[in-house]
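*Asks:* just coords:
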Ligand SMILES: Nc1nc2c(ncn2[C@@H]2O[C@@H]3COP(=O)(O)O[C@H]3[C@H]2O)c(=O)[nH]1
Ligand SMILES: [Zn+2]
(Lines give C-alpha, C1' and ligand atoms only; values in the text may rest on other atoms or scores of the structure.)
(Ligands and ions follow the chains in the order given, each with its own letter.)
Protein backbone atom coordinates (compact mmCIF):
# COMPACT_ATOMS: atom_id res chain seq x y z
CA UNK A 1 0.00 0.00 0.00
CA UNK A 2 2.85 2.34 0.61
CA UNK A 3 3.40 2.79 -3.13
CA UNK A 4 0.06 4.46 -3.85
CA UNK A 5 -0.43 8.20 -4.13
CA UNK A 6 -3.66 9.59 -2.70
CA UNK A 7 -5.20 10.16 -6.15
CA UNK A 8 -4.38 6.58 -7.10
CA UNK A 9 -6.05 5.27 -3.94
CA UNK A 10 -9.19 7.22 -4.86
CA UNK A 11 -9.23 5.57 -8.30
CA UNK A 12 -8.69 2.14 -6.76
CA UNK A 13 -11.59 2.69 -4.35
CA UNK A 14 -13.74 3.68 -7.31
CA UNK A 15 -12.75 0.45 -9.08
CA UNK A 16 -13.77 -1.57 -5.99
CA UNK A 17 -17.26 -0.03 -6.04
CA UNK A 18 -17.54 -0.61 -9.80
CA UNK A 19 -16.16 -4.12 -9.66
CA UNK A 20 -18.73 -5.20 -7.08
CA UNK A 21 -21.42 -3.87 -9.44
CA UNK A 22 -22.64 -1.27 -6.97
CA UNK A 23 -23.05 1.45 -9.60
CA UNK A 24 -25.48 -0.56 -11.70
CA UNK A 25 -27.22 -2.24 -8.77
CA UNK A 26 -27.96 1.02 -6.93
CA UNK A 27 -28.10 3.41 -9.91
CA UNK A 28 -25.16 5.47 -8.70
CA UNK A 29 -23.67 7.84 -11.26
CA UNK A 30 -19.90 7.70 -11.56
CA UNK A 31 -19.60 11.41 -10.73
CA UNK A 32 -21.66 10.95 -7.55
CA UNK A 33 -19.36 8.12 -6.45
CA UNK A 34 -16.27 10.18 -7.24
CA UNK A 35 -17.58 13.16 -5.25
CA UNK A 36 -18.47 10.88 -2.35
CA UNK A 37 -15.01 9.29 -2.30
CA UNK A 38 -13.37 12.71 -2.45
CA UNK A 39 -15.49 13.90 0.50
CA UNK A 40 -14.42 10.82 2.46
CA UNK A 41 -10.79 11.58 1.63
CA UNK A 42 -11.20 15.20 2.83
CA UNK A 43 -12.65 14.07 6.15
CA UNK A 44 -9.68 11.96 7.21
CA UNK A 45 -7.04 13.82 9.20
CA UNK A 46 -3.34 14.04 8.57
CA UNK A 47 -2.29 11.98 11.59
CA UNK A 48 0.21 9.10 11.87
CA UNK A 49 -2.16 6.11 11.83
CA UNK A 50 -5.89 6.80 11.58
CA UNK A 51 -5.57 8.57 8.25
CA UNK A 52 -6.90 8.12 4.71
CA UNK A 53 -4.27 5.50 3.94
CA UNK A 54 -5.55 3.38 6.85
CA UNK A 55 -9.10 3.82 5.50
CA UNK A 56 -7.85 2.67 2.10
CA UNK A 57 -6.13 -0.43 3.56
CA UNK A 58 -9.20 -1.44 5.55
CA UNK A 59 -11.47 -1.02 2.52
CA UNK A 60 -9.04 -2.91 0.30
CA UNK A 61 -8.90 -5.77 2.82
CA UNK A 62 -12.70 -5.88 2.91
CA UNK A 63 -12.80 -5.98 -0.89
CA UNK A 64 -10.25 -8.81 -0.93
CA UNK A 65 -12.12 -10.78 1.76
CA UNK A 66 -15.41 -10.44 -0.12
CA UNK A 67 -13.84 -12.05 -3.21
CA UNK A 68 -11.84 -14.70 -1.35
CA UNK A 69 -14.84 -15.91 0.65
CA UNK A 70 -17.18 -15.78 -2.33
CA UNK A 71 -19.54 -13.59 -0.29
CA UNK A 72 -20.99 -12.28 -3.55
CA UNK A 73 -22.88 -15.55 -3.77
CA UNK A 74 -23.74 -15.79 -0.09
CA UNK A 75 -24.94 -12.31 0.92
CA UNK A 76 -27.12 -9.69 -0.73
CA UNK A 77 -25.58 -6.88 -2.81
CA UNK A 78 -26.76 -4.39 -0.19
CA UNK A 79 -24.90 -6.29 2.56
CA UNK A 80 -21.68 -6.11 0.56
CA UNK A 81 -22.29 -2.41 -0.07
CA UNK A 82 -22.79 -1.82 3.67
CA UNK A 83 -19.57 -3.67 4.52
CA UNK A 84 -17.42 -1.83 1.97
CA UNK A 85 -18.90 1.57 2.85
CA UNK A 86 -18.51 0.90 6.59
CA UNK A 87 -14.84 0.06 6.03
CA UNK A 88 -14.43 3.28 4.07
CA UNK A 89 -16.13 5.48 6.68
CA UNK A 90 -15.16 3.67 9.89
CA UNK A 91 -12.54 6.18 11.18
CA UNK A 92 -13.76 9.44 9.60
CA UNK A 93 -12.32 12.55 11.31
CA UNK A 94 -10.34 10.49 13.85
CA UNK A 95 -8.46 12.99 16.03
CA UNK A 96 -5.55 10.63 16.88
CA UNK A 97 -6.54 10.17 20.55
CA UNK A 98 -8.60 7.12 21.56
CA UNK A 99 -11.86 6.80 23.50
CA UNK A 100 -10.16 6.46 26.87
CA UNK A 101 -8.45 9.79 26.28
CA UNK A 102 -11.70 11.40 25.11
CA UNK A 103 -13.41 10.28 28.30
CA UNK A 104 -10.58 11.17 30.71
CA UNK A 105 -9.97 14.56 29.08
CA UNK A 106 -13.76 15.18 28.99
CA UNK A 107 -13.56 16.28 25.37
CA UNK A 108 -16.54 17.64 23.41
CA UNK A 109 -16.97 14.22 21.80
CA UNK A 110 -17.13 12.42 25.15
CA UNK A 111 -19.64 14.97 26.46
CA UNK A 112 -21.73 14.77 23.28
CA UNK A 113 -21.95 10.97 23.37
CA UNK A 114 -22.14 10.48 27.13
CA UNK A 115 -18.81 8.58 27.15
CA UNK A 116 -20.37 5.82 25.01
CA UNK A 117 -18.06 4.95 22.05
CA UNK A 118 -17.48 8.68 21.45
CA UNK A 119 -15.17 8.17 18.47
CA UNK A 120 -17.24 5.54 16.68
CA UNK A 121 -20.40 7.63 17.18
CA UNK A 122 -18.54 10.58 15.71
CA UNK A 123 -17.31 8.56 12.71
CA UNK A 124 -20.95 7.60 12.06
CA UNK A 125 -22.15 11.19 12.40
CA UNK A 126 -19.54 12.44 9.92
CA UNK A 127 -20.45 9.57 7.58
CA UNK A 128 -24.14 10.62 7.73
CA UNK A 129 -23.19 14.16 6.83
CA UNK A 130 -21.30 13.00 3.76
CA UNK A 131 -23.82 10.35 2.74
CA UNK A 132 -26.76 12.73 3.02
CA UNK A 133 -25.19 14.91 0.30
CA UNK A 134 -25.43 12.07 -2.21
CA UNK A 135 -28.67 10.21 -1.68
CA UNK A 136 -28.01 7.48 -4.27
CA UNK A 137 -25.17 6.30 -2.02
CA UNK A 138 -27.10 6.61 1.24
CA UNK A 139 -28.35 3.01 1.29
CA UNK A 140 -28.95 1.18 4.52
CA UNK A 141 -27.34 3.78 6.73
CA UNK A 142 -28.57 1.74 9.69
CA UNK A 143 -26.39 -1.19 8.61
CA UNK A 144 -23.37 1.06 8.30
CA UNK A 145 -23.97 2.53 11.77
CA UNK A 146 -24.14 -0.95 13.27
CA UNK A 147 -20.88 -1.98 11.56
CA UNK A 148 -18.97 1.21 12.40
CA UNK A 149 -20.07 1.12 16.06
CA UNK A 150 -18.79 -2.48 16.18
CA UNK A 151 -15.22 -1.28 15.59
CA UNK A 152 -14.97 -0.02 19.20
CA UNK A 153 -12.44 -2.47 20.67
CA UNK A 154 -14.15 -2.13 24.06
CA UNK A 155 -16.87 -4.33 22.49
CA UNK A 156 -14.42 -6.84 21.00
CA UNK A 157 -15.21 -9.80 23.29
CA UNK A 158 -18.95 -9.19 23.19
CA UNK A 159 -18.99 -9.36 19.37
CA UNK A 160 -16.48 -12.22 19.05
CA UNK A 161 -18.38 -14.31 21.61
CA UNK A 162 -21.66 -13.76 19.75
CA UNK A 163 -19.99 -14.98 16.56
CA UNK A 164 -18.50 -18.01 18.33
CA UNK A 165 -21.92 -19.08 19.58
CA UNK A 166 -23.46 -18.81 16.09
CA UNK A 167 -20.55 -20.47 14.32
CA UNK A 168 -21.71 -24.13 14.55
CA UNK A 169 -25.19 -23.29 13.24
CA UNK A 170 -24.27 -20.37 11.00
CA UNK A 171 -26.96 -19.57 8.45
CA UNK A 172 -26.32 -17.01 5.71
CA UNK A 173 -30.05 -16.42 5.31
CA UNK A 174 -30.59 -15.57 8.99
CA UNK A 175 -30.65 -11.78 9.52
CA UNK A 176 -29.09 -11.88 12.98
CA UNK A 177 -26.31 -14.24 11.89
CA UNK A 178 -25.59 -12.06 8.86
CA UNK A 179 -25.34 -8.91 10.98
CA UNK A 180 -22.79 -10.50 13.32
CA UNK A 181 -20.73 -11.74 10.36
CA UNK A 182 -20.75 -8.25 8.81
CA UNK A 183 -19.48 -6.76 12.09
CA UNK A 184 -16.75 -9.41 12.26
CA UNK A 185 -15.71 -8.73 8.66
CA UNK A 186 -15.33 -4.99 9.37
CA UNK A 187 -13.43 -5.71 12.58
CA UNK A 188 -11.08 -8.17 10.86
CA UNK A 189 -10.38 -5.69 8.07
CA UNK A 190 -9.78 -2.90 10.60
CA UNK A 191 -7.02 -4.74 12.43
CA UNK A 192 -5.55 -6.70 9.54
CA UNK A 193 -2.20 -4.96 9.06
CA UNK A 194 -0.29 -7.99 10.33
CA UNK A 195 -1.89 -10.15 7.62
CA UNK A 196 0.03 -8.10 5.05
CA UNK A 197 3.62 -8.76 4.02
CA UNK A 198 6.08 -7.74 6.73
CA UNK A 199 7.48 -4.92 4.56
CA UNK A 200 4.01 -3.37 4.52
CA UNK A 201 2.95 -4.27 8.05
CA UNK A 202 6.00 -3.10 9.98
CA UNK A 203 5.87 0.56 8.90
CA UNK A 204 2.18 0.55 9.93
CA UNK A 205 3.22 -0.50 13.41
CA UNK A 206 5.66 2.43 13.52
CA UNK A 207 2.77 4.75 12.60
CA UNK A 208 0.51 3.23 15.25
CA UNK A 209 3.15 3.53 17.97
CA UNK A 210 3.82 7.13 16.93
CA UNK A 211 0.13 7.91 17.51
CA UNK A 212 0.08 5.91 20.77
CA UNK A 213 3.20 7.66 22.13
CA UNK A 214 1.81 11.02 21.15
CA UNK A 215 -1.31 10.28 23.21
CA UNK A 216 0.59 9.04 26.28
CA UNK A 217 2.93 12.06 26.10
CA UNK A 218 -0.11 14.35 26.11
CA UNK A 219 -1.65 12.38 28.99
CA UNK A 220 1.56 12.85 31.00
CA UNK A 221 1.65 16.57 30.19
CA UNK A 222 -1.97 17.08 31.22
CA UNK A 223 -1.76 14.90 34.33
CA UNK A 224 -4.32 12.43 32.96
CA UNK A 225 -4.12 8.66 33.58
CA UNK A 226 -1.52 7.23 31.20
CA UNK A 227 -2.82 4.46 28.92
CA UNK A 228 -0.31 1.63 29.67
CA UNK A 229 -0.16 0.10 26.16
CA UNK A 230 0.64 3.54 24.75
CA UNK A 231 3.42 4.43 27.20
CA UNK A 232 6.79 4.78 25.45
CA UNK A 233 8.51 3.82 28.72
CA UNK A 234 6.60 0.52 28.89
CA UNK A 235 6.01 -0.80 25.38
CA UNK A 236 8.24 -1.76 22.50
CA UNK A 237 7.42 -2.94 19.00
CA UNK A 238 7.78 -6.66 19.83
CA UNK A 239 6.01 -6.48 23.20
CA UNK A 240 3.12 -4.60 21.66
CA UNK A 241 2.74 -7.05 18.75
CA UNK A 242 3.24 -10.36 20.54
CA UNK A 243 0.37 -9.68 22.93
CA UNK A 244 -1.87 -8.08 20.29
CA UNK A 245 -1.36 -11.05 17.95
CA UNK A 246 -1.79 -13.69 20.69
CA UNK A 247 -4.78 -12.23 22.45
CA UNK A 248 -6.62 -10.29 19.74
CA UNK A 249 -5.66 -11.26 16.19
CA UNK A 250 -5.31 -15.04 16.39
CA UNK A 251 -8.57 -15.64 18.32
CA UNK A 252 -10.52 -13.36 15.95
CA UNK A 253 -8.95 -14.54 12.70
CA UNK A 254 -9.23 -18.24 13.65
CA UNK A 255 -12.94 -17.82 14.27
CA UNK A 256 -13.52 -16.31 10.84
CA UNK A 257 -11.32 -18.99 9.28
CA UNK A 258 -13.56 -21.70 10.78
CA UNK A 259 -16.40 -20.34 8.65
CA UNK A 260 -14.15 -19.75 5.62
CA UNK A 261 -11.28 -22.29 5.69
CA UNK A 262 -9.84 -20.76 2.49
CA UNK A 263 -8.75 -17.74 4.58
CA UNK A 264 -6.16 -19.78 6.50
CA UNK A 265 -3.33 -18.99 4.05
CA UNK A 266 -4.40 -15.37 3.59
CA UNK A 267 -4.91 -14.13 7.13
CA UNK A 268 -3.87 -16.80 9.65
CA UNK A 269 -0.53 -17.91 8.23
CA UNK A 270 0.95 -14.42 7.80
CA UNK A 271 -0.17 -13.50 11.32
CA UNK A 272 1.50 -16.65 12.72
CA UNK A 273 4.69 -15.67 10.86
CA UNK A 274 4.46 -12.17 12.32
CA UNK A 275 4.11 -13.63 15.82
CA UNK A 276 7.29 -15.65 15.29
CA UNK A 277 9.10 -12.59 13.91
CA UNK A 278 8.18 -10.42 16.89
CA UNK A 279 8.75 -13.22 19.43
CA UNK A 280 12.28 -13.68 18.04
CA UNK A 281 12.81 -9.93 18.20
CA UNK A 282 11.58 -9.86 21.81
CA UNK A 283 13.90 -12.72 22.81
CA UNK A 284 16.86 -11.05 21.07
CA UNK A 285 16.27 -7.74 22.81
CA UNK A 286 15.91 -9.48 26.20
CA UNK A 287 19.16 -11.39 25.61
CA UNK A 288 20.88 -8.14 24.67
CA UNK A 289 19.53 -6.43 27.79
CA UNK A 290 20.92 -9.34 29.84
CA UNK A 291 24.43 -8.94 28.40
CA UNK A 292 24.55 -5.16 28.67
CA UNK A 293 23.40 -4.99 32.30
CA UNK A 294 26.28 -4.37 34.72
N1 LIG B 1 -0.65 -3.34 19.16
C2 LIG B 1 -1.39 -3.25 18.06
N3 LIG B 1 -2.60 -2.70 18.10
C4 LIG B 1 -3.30 -2.60 16.96
C5 LIG B 1 -2.82 -3.05 15.72
N6 LIG B 1 -3.75 -2.82 14.76
C7 LIG B 1 -4.80 -2.26 15.40
N8 LIG B 1 -4.53 -2.12 16.72
C9 LIG B 1 -5.40 -1.59 17.77
O10 LIG B 1 -6.70 -2.03 17.46
C11 LIG B 1 -7.53 -0.91 17.48
C12 LIG B 1 -8.69 -0.99 16.57
O13 LIG B 1 -9.46 0.17 16.82
P14 LIG B 1 -8.78 1.62 16.81
O15 LIG B 1 -8.63 2.06 15.41
O16 LIG B 1 -9.48 2.45 17.79
O17 LIG B 1 -7.29 1.42 17.40
C18 LIG B 1 -6.64 0.25 17.05
C19 LIG B 1 -5.37 -0.07 17.81
O20 LIG B 1 -5.48 0.34 19.14
C21 LIG B 1 -1.52 -3.64 15.69
O22 LIG B 1 -1.00 -4.08 14.67
N23 LIG B 1 -0.86 -3.69 16.89
ZN1 LIG C 1 -9.55 1.72 11.89
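*Replies:* All right, it came through fine. All of these numbers come straight from a predicted model, not from anything done at the bench. Ligands and ions are numbered 1, 2, ... in the order given.
*Asks:* around ligand 2, pick out the residues from the protein.
*Replies:* 91, 190 (Cβ under 5 Å from the ion). C-betas here are computed from N, CA, C, even on glycine.
*Asks:* make it 8 Å
*Replies:* Applying Cβ under 8 Å from the ion, we find that the chain lies next to ligand 2 at 50, 54, 55, 58, 90, 91, 94, 151, 190, 191.
*Asks:* residues in contact with the third one?
*Replies:* Shown here is residue 55, whose contacts under the criterion Cβ atoms under 8 Å, 6 or more residues apart in numbering are 40, 44, 87, 88, 89, 90, 91, 92.
*Asks:* measure the closest residue to the fourth one other than its chain neighbours to residue 6 for me?
*Replies:* So the one you mean is residue 88. Closest residue in space to residue 88, ignoring its immediate chain neighbours: residue 59 at 4.8 Å, by Cβ to Cβ, 6 or more residues apart in numbering. Note on residue 59: its distance to residue 6, by Cβ to Cβ, to the nearest Å, is 14 Å.
*Asks:* tell me which of the two has more neighbours.
*Replies:* Using other Cβ atoms under 10 Å as the criterion, residue 59 and residue 6 rank with residue 59 on top: 26 against 11.
*Asks:* list the buried ones in whichever strand or helix holds the more buried one?
*Replies:* Here residue 59, judged by DSSP states H and E, is contained in helix 52-68. Neighbour counts over helix 52-68 (16 or more other Cβ atoms under 10 Å) mark 52-66 as buried.
*Asks:* how near is the residue nearest to residue 64 when sequence neighbours are not counted to residue 230?
*Replies:* Nearest residue to residue 64, sequence neighbours excluded (Cβ to Cβ, 6+ apart): residue 266, at 7.7 Å. Here the criterion is Cβ to Cβ. By it, residue 266 lies 30 Å from residue 230.
*Asks:* looking at the two, which has the bigger crowd around it?
*Replies:* residue 230 (24 against 19).
*Asks:* okay, the more buried one: pLDDT?
*Replies:* Per-residue pLDDT puts residue 230 at 97.
*Asks:* between the contacts of residue 55, which is closest to residue 205?
*Replies:* residue 91 (17.0 Å; Cβ to Cβ).
*Asks:* residue 3: what secondary structure?
*Replies:* Under DSSP: H, G, I helix; E, B strand; the rest coil, residue 3 falls in the coil class.
*Asks:* that one: neighbour count?
*Replies:* For residue 3, the count of nearby residues is 6 (other Cβ under 10 Å).
*Asks:* and if you look at residue 194?
*Replies:* Neighbours of residue 194 under the rule other Cβ under 10 Å: 27.
*Asks:* now it: how far from ligand 2?
*Replies:* Residue 194 sits 14 Å away from ligand 2, going by Cβ to the ion, to the nearest Å.
*Asks:* quick one, grab the pLDDT at the residue nearest the centre of the chain.
*Replies:* Central residue of the chain (Cα atoms, centre = their mean): residue 190, 1.6 Å from the mean position. Residue 190 carries a pLDDT value of 98.
*Asks:* which ones are touching it?
*Replies:* If a contact means Cβ under 8 Å, 6+ apart, then residue 190 has 58, 87, 90, 151 as its contacts.
*Asks:* touching, the third one and residue 152? I think so.
*Replies:* What it means is residue 90. No - with contact defined as Cβ atoms under 8 Å, residue 90 does not reach residue 152; the gap is 10.4 Å.
*Asks:* between those two, which one's more packed in?
*Replies:* Ranked by neighbour count (other Cβ under 10 Å), residue 90 and residue 152 place residue 90 first, with 28 against 20.
*Asks:* which residue, neighbours along the chain excluded, lies closest to residue 267?
*Replies:* Leaving aside its chain neighbours, residue 267 sits nearest to residue 195 (4.4 Å; criterion: Cβ to Cβ, 6+ apart).
*Asks:* do you know how far residue 14 is from ligand 1?
*Replies:* 24 Å (Cβ to the nearest ligand atom, to the nearest Å).
*Asks:* ok, back up a step: for the contacts of residue 55, which one is nearest residue 216?
*Replies:* residue 91 (19.8 Å).
*Asks:* name the helix or strand for that closest one, please.
*Replies:* Going by DSSP H and E, residue 91 is not part of any helix or strand.
*Asks:* what of the one 3 residues further on?
*Replies:* Taking DSSP H and E as the criterion, residue 94 maps to no regular element, lying outside all helices and strands.
*Asks:* tell me how many other residues crowd it.
*Replies:* Residue 94 has 23 neighbouring residues, counting by other Cβ under 10 Å.
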